[in-house]
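> what follows is a predicted protein model with its sequence.
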Amino acid sequence: MNILNEIIAHKKEEVQALKREVSLRTFENSPLYKREVNSLSRSIAEREFGVIAEFKRRSPSAGELNNTNNIVEYVKNYVEANVAGLSVLTDKEYFGTTTNDFITLRNAFDVPMLRKEFIVDEFQLFESKAMGADCILLIASVLSKEELLQFSIIAKTLGMEVLVEVHNLQELNKVPESIDIIGVNNRDLDRQITDISISKNLAEYLPVKPIRITESGIKTADEIKELAEIGYQGALIGESIVKSGSPKEVIQSLTSKIIPVCS
């Protein structure tokens, strides 16, 4: 069993427990449920290259990353770097970050926010809406073609945008046409290593309409420049930013060969 399969098995148990404790009505009564969505896809499109900057406390591959007690002050650096959006990985068991962290940042900032989560049940879509998510992540490797379509329809009916993540052509062929963003993840899920050649190899096969982003393993400005030149409009960047003591400078450095830093 690779780590993704382990996470998914745990997530299914977690969601079933949540469904016993919380009703859909509770989500619908949330103060954030009726919040107007701030488009992540448009935010990326409006920039020369859009960075979705991620916050998480740890990861199975890298271990401890960031144990700050003041996530608002830390993530404020992301916003000051003019990121296209924020991503918060809301899995506590494996990534140390919670739904409460997401809500804290949602209440602090108005930038588009992606709830990065292992979604296995439509119940999580209503939960995401109640958290104030602008966009949700669907992972093609763990969902069937039918589930991807069903979940994306529900999410969009709720007013949220949809980012579908793929790793190969087989997964790409399952992706619904109506999604807002397609992300190519450079992480080999079996070996838990990153290789940006995954994004390079899939670039020519990506559909034109959704916003195209690359995810994971981005470490240099040269890599971003190269990926932008083959059609990627943005990148979801996590570890390079979240483990830094100067996240604003890291973000500006990574995009410096595309977006000059204003003095």
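Structure received.
> can you give me the distance of the closest residue to E64 other than its chain neighbours to V75?
Closest residue in space to E64, ignoring its immediate chain neighbours: R58 at 4.9 Å, by Cβ to Cβ, 6 or more residues apart in numbering. To be clear about C-beta, it is placed using only N, CA and C from the backbone, and glycine gets the same treatment. Taking Cβ to Cβ, to the nearest Å as the measure, R58 falls 16 Å from V75.
> can you check A53 too?
Applying Cβ to Cβ to A53 and V75 gives a distance of 8 Å.
> overlap of the contact sets of the two?
Taking Cβ atoms under 8 Å, 6 or more residues apart in numbering as the criterion, A53 and V75 both touch L86.
> now do the contacts for N77.
246-248, 251.
> now with 7 Å?
N77 makes contact with 247-248 under the criterion Cβ atoms under 7 Å, 6 or more residues apart in numbering.
> mind pulling up the pLDDT for it?
On the pLDDT scale, N77 is placed at 96.
> which stretches of the chain form helices?
3-21, 24-28, 40-45, 71-80, 92-95, 99-108, 123-130, 145-157, 169-172, 197-202, 221-229, 239-242, 247-254 (DSSP state H).
> show me which positions of the last one end up buried.
Read that as helix 247-254. Judged by neighbour count using 16 or more other Cβ atoms under 10 Å, the buried positions of helix 247-254 are 247-248, 250-254.
> which residues touch it?
Contacts of helix 247-254 (Cβ under 7 Å, 6+ apart): 51, 53, 74, 77-78, 80-81, 83, 218, 221, 224, 237, 240-241, 244, 261.
> of the residues you listed, buried ones?
For the contacts of helix 247-254, buried by 16+ other Cβ under 10 Å: 51, 53, 74, 77-78, 81, 83, 218, 221, 224, 237, 240-241, 244.
> what residues are up against the closest residue to E117 other than its chain neighbours?
Excluding the flanking residues, the one nearest E117 by Cβ to Cβ, 6+ apart is T90, at 5.0 Å. With contact taken as Cβ under 7 Å, 6+ apart, T90 is in contact with 97-99, 102, 115, 117.
> L32: which of those is nearest?
F102 (10.1 Å; Cβ to Cβ).
> and for that closest one, nearest residue in space, chain neighbours not counted?
Excluding its sequence neighbours, the residue lying closest to F102 (Cβ to Cβ, 6+ apart) is V88, at 4.4 Å.
> can you report how many residues lie near S23?
If you count neighbours by other Cβ atoms under 10 Å, S23 ends up with 12.
> how much space between it and S197?
Taken as Cβ to Cβ, the span from S23 to S197 is 46 Å.
> again, but for D188
11 Å.
> and the two? Which one has more around it.
D188 (15 against 10).
> dump the residue contacts of the more buried one.
Listed by Cβ under 7 Å, 6+ apart, the contact partners of D188 are D195.
> name whatever forms a beta bridge with it.
Counting by DSSP bridges, D188 is bridged to I193.
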